[in-house]
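Colleague: got a sequence here, can you build the structure:
(chains A and B)
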Amino acid sequence: MKYYDIVIIGGGPAGLAAAVAARKNGAESILILERDKELGGILNQCIHNGFGLHTFQEELTGPEYAARFITQVKELQIEYRLHTMVMDISSDKIVTAMNREEGMFQIQAKAVILAMGCRERSRGALNIPGYRPAGIFSAGTAQRLVNIEGYLPGRKVVILGSGDIGLIMARRMTLEGAEVQVVAELMPYSGGLKRNIVQCLDDFGIPLKLSHTVVDIKGKERVEGITLAEVDEKGKPIPGTEEEYECDTLLLSVGLIPENELSRGMGVDLNPITSGPKVNESLETSLEGVFACGNVLHVHDLVDFVSEEAAAAGRNAADYICHHKTSDEIQDRCLQQNTIQLSTENGIRYTVPSEIRMEYMPEELTVRFRVGGVYKNCYISCYFDGERILHRRRPVVAPGEMEQIKLTREQLAKYPLLEKITLKIEEA
Amino acid sequence: METRNLICIGCPMGCPLTVRLKDGEVLAVEGNTCKRGAEYGKKEVTNPTRIVTTTVRVNGGTENMVSVKTREDIPKDKIFDCIRALRNITIPAPVHIGDVILHDVAHTGVDIVATKNIER
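Modeller: As a prediction, this is how the structure comes out:
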């Protein structure tokens, strides 16, 4: 058995930022476990620009953004293992992992940071009829083939789903000489960032068809064409609206799912809405000393916010191991602890975190959330029990863009009996 | 007077901009929440530009491809010329972030630089 104070599962943007912050906050024994051949995670294949404006005040590409953190990890001499797959984590924080050099091995951690990221929703989740020919890829797979391996997966392309990766790949495939005919989106609004619609579709004259979906895939060995149809409010195809597209490739950009098999295995409580762990103000899961951050916690749009969130998880994990309390102290604390629940109503789907323990409330806490639909000229409101303490006007909010509010310790301290904080959308 | 409605691409916020023009001169940019937005609005209606990112082949490295970008934004109508200029380039490993891959791409005066480290 090996022993580390903090073991971080995943060496992508979340794991890297968590490691750097944990080290800077006094954690000496840290190990990052990464299954790929290099650190950086998905950033390595996100060769487009637009990363880092928030973190570094300059616009970087994905690999450049990753390199900034990888450099810090190396300078701070944080240990990491590549090509290493974590098989299991027990509820008492024994991490079982394997790689080619060491075979199977176990690590006892004092704290664990879950930073495994997410994966793409696949065709199987969509129930599209038709054969299973070659030529159907998730947008991220196509991105890897083009940007890392150097292969163009197809010449005539249709994209289903307007998530950011799909939009980015519409542009990327176009630049590489493919003909991207259309991006179809089931919902009446895009799932991606507005800027990506402008610079990835509009710039190249690629049409975006909202409220449309693929109802048939033609071809047995290779995709030969697809049929699009318009859908009604319930998402059902409207007969008579079918359009045929000849294509050899269908890319799917239909959502991301946090990868929580390990979390589930260790008994962490998950939130059915985010598919990620439920966490408190410290980004600590239902298991003490087990923290979560980045896309494994909830799917983000911007890596800058992943880094910010992960840095908080890293700091909190460092605090946890540096001030490791005995179980008696923890018991005492639980008894006197004042816990405030965060709940959502009317149009807001979830919040991260979902509870605040007043004793651990930082000076300022970022509460991140997503809305369930497009709302124009609305207010985002925050209630402390019955009292409205925030009423922020927003011209438009959409599910594709994560929102946040900040709460301060000072603000909460004025309400010693506070039990519930509620976030909701209110019409103007 | 002419008005153009744009979405700013300066950062992921995607602010909705309104640009007021008269005889091709920009009178005002509204709706931006930062300085970059005002600049983008002005540029987009007079001389639209983009940063271009792509990949070029690497010989003898740990990876087949290295990601690259234009060091600065280039005119939008030069995007495909830029991609064409890079299509047949193969560079030897090692390559490091910031290394110049191609000078003055497509006569834009802008260099193409590597955005990833690829070791031998």
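Colleague: the stretch 151-300 of chain A: strands as residue ranges?
Modeller: A:156-160, A:179-185, A:208-210, A:212-218, A:225-230, A:243-246, A:249-252, A:256-258, A:270-271, A:276-277, A:290-292 (DSSP state E, counting those that start in this stretch).
Colleague: centre of the chain to the first one, how far?
Modeller: In this case it means strand A:156-160. Strand A:156-160 has its C-alpha centroid displaced from the chain centroid by 24 Å (Cα atoms, centre = their mean, to the nearest Å).
Colleague: that one pairs with which strands, parallel or anti?
Modeller: Each strand paired with strand A:156-160, and its direction, by DSSP bridges: strand A:179-185 (parallel), strand A:249-252 (parallel).
Colleague: now do the last one, average pLDDT.
Modeller: Average pLDDT, strand A:249-252: 97.
Colleague: re earlier: right, and the strands of the stretch 151-300 of chain A - which one's nearest A:S122?
Modeller: strand A:249-252 (7.2 Å; Cβ to Cβ). All C-beta spots, glycine's among them, are computed from the backbone N, C-alpha and C.
Colleague: C-alpha coordinates for that closest one, CSV please?
Modeller: The C-alpha coordinates for strand A:249-252 follow below in CSV (Å, rounded to 0.1, in the frame of the first residue of the first chain):
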residue,chain,number,x,y,z
THR,A,249,-21.0,11.2,-41.9
LEU,A,250,-23.2,12.1,-39.0
LEU,A,251,-21.8,13.8,-35.9
LEU,A,252,-23.6,13.8,-32.6
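Colleague: can you list contacts of that strand?
Modeller: Outside of strand A:249-252, the residues within contact range by Cβ atoms under 8 Å, 6 or more residues apart in numbering or on different chains are A:120-123, A:126, A:135-139, A:142, A:153-161, A:166, A:169, A:173, A:178, A:214, A:217, A:223, A:226.
Colleague: mind listing what's buried in whichever strand or helix holds A:H391?
Modeller: Here A:H391 sits within strand A:387-397, counting by DSSP states H and E. Neighbour-count burial for strand A:387-397 flags A:390, A:397 (criterion: 16 or more other Cβ atoms under 10 Å in any protein chain shown).
Colleague: off-centre distance for the following helix or strand past it?
Modeller: Using DSSP H and E, the helix or strand that follows strand A:387-397 towards the C-terminus is strand A:403-408. Strand A:403-408 sits 18 Å away from the centroid of its parent chain (Cα atoms, centre = their mean).
Colleague: go through strand A:403-408 and flag the buried ones.
Modeller: For strand A:403-408, burial by neighbour count (16+ other Cβ under 10 Å) applies to A:403, A:405, A:407.
Colleague: is the last one in contact with A:E364, as I believe?
Modeller: Read it as A:L407. Yes: between A:L407 and A:E364 there is a contact at 7.4 Å, judged by Cβ atoms under 8 Å.
Colleague: show me the contacts for the residue nearest to the spatial centre of chain B.
Modeller: The centre of chain B sits closest to B:I51, judged by Cα atoms, centre = their mean, with a distance of 0.8 Å. Counting by Cβ under 8 Å, 6+ apart, B:I51 touches A:49, A:59, B:69-70, B:72-74.
Colleague: and these, which is closest to B:C8?
Modeller: When the contacts of B:I51 are compared for distance to B:C8 (Cβ to Cβ), A:E59 wins out at 13.1 Å.
Colleague: spatially nearest residue to the closest one (excluding sequence neighbours)?
Modeller: Sequence neighbours aside, A:N49 is the residue nearest to A:E59 in space, at 5.3 Å (criterion: Cβ to Cβ, 6 or more residues apart in numbering or on different chains).
Colleague: give me the number of residues near residue 2?
Modeller: Defaulting to chain A. For A:K2, the neighbour count with other Cβ atoms under 10 Å in any protein chain shown is 13.
Colleague: correction: the question concerned chain B.
Modeller: 11.
Colleague: please verify my assumption that it contacts B:R20.
Modeller: Yes: here B:E2 reaches B:R20: they are 7.5 Å apart, a contact under Cβ under 8 Å.
Colleague: what about the helices in chain B?
Modeller: Assigned by DSSP state H, the helices in chain B fall at B:35-46, B:79-87.
Colleague: sort out which of the contacts of strand A:249-252 are in helices and list them.
Modeller: Using DSSP H, these in helices are A:139, A:142, A:166, A:169, A:173.
Colleague: save these as TSV, and put in pLDDT and neighbour count too.
Modeller: What follows is these, written out as TSV (pLDDT from 0 to 100; neighbours: other Cβ atoms under 10 Å in any protein chain shown):
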residue	pLDDT	neighbour count
A:A139	97	25
A:A142	98	27
A:G166	95	31
A:M169	97	30
A:M173	97	27
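Colleague: any buried residues in stretch A:145-163, and which?
Modeller: The neighbour-count check on stretch A:145-163 (16+ other Cβ under 10 Å) flags A:145-148, A:150, A:153-154, A:156-163 as buried.
Colleague: any idea of the pLDDT on A:K325?
Modeller: So A:K325 comes in at 55 (pLDDT).
Colleague: hmm, which of the contacts of B:I51 is lowest in pLDDT?
Modeller: For the contacts of B:I51, the pLDDT minimum is A:E59, 91.
Colleague: next, count neighbours for that residue.
Modeller: Using other Cβ under 10 Å, the number of residues around A:E59 comes to 18.
Colleague: about what we covered before: just the buried residues of the contacts of B:I51.
Modeller: A:49, A:59, B:69-70, B:73-74.
Colleague: filter those down to the ones in strands?
Modeller: Among the buried ones among the contacts of B:I51, DSSP state E puts A:49, B:69-70, B:74 in strands.
Colleague: mind putting these in a markdown table, distance to A:Q199 included?
Modeller: Below are these laid out as a markdown table (distance: Cβ to Cβ, whole Å):
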| residue | distance to A:Q199 |
| --- | --- |
| A:N49 | 10 |
| B:K69 | 14 |
| B:T70 | 14 |
| B:I74 | 13 |
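Colleague: closest one to B:A93 out of the residues you listed, please.
Modeller: Minimum distance to B:A93 across these is 18.6 Å, recorded for B:K69 (Cβ to Cβ).
Colleague: for the closest one, name its beta-bridge partners.
Modeller: Here B:K69 sits in beta bridges with B:T53, B:V113, as judged by DSSP bridges.
Colleague: residue in the stretch 251-400 of chain A nearest to chain B?
Modeller: Proximity of the stretch 251-400 of chain A to chain B (Cβ to the nearest Cβ) peaks at A:L302, 5.4 Å away.
Colleague: so how many other residues sit close to that residue?
Modeller: Neighbour tally, A:L302, other Cβ under 10 Å: 21.
Colleague: give the contact list for the residue lying closest to it once chain neighbours are set aside.
Modeller: Spatial nearest neighbour of A:L302, chain neighbours left out: B:P12 (5.4 Å); criterion: Cβ to Cβ, 6+ apart. For B:P12, the contact set (Cβ under 8 Å, 6+ apart) comprises A:50, A:53, A:193, A:195, A:301-302, A:401.
Colleague: rerun that using 7 Å as the cut-off
Modeller: Contact analysis of B:P12 by Cβ atoms under 7 Å, 6 or more residues apart in numbering or on different chains lists A:50, A:193, A:195, A:301-302.
Colleague: of those residues, closest to B:R87?
Modeller: The closest of these to B:R87 turns out to be A:G50 (Cβ to Cβ; 23.8 Å).
Colleague: average pLDDT for stretch B:22-40?
Modeller: Taken as a whole, stretch B:22-40 has a mean pLDDT of 89.
Colleague: do it and chain A meet?
Modeller: No: using Cβ under 7 Å from any Cβ of the partner chain, stretch B:22-40 stays clear of chain A, coming no nearer than 8.5 Å.
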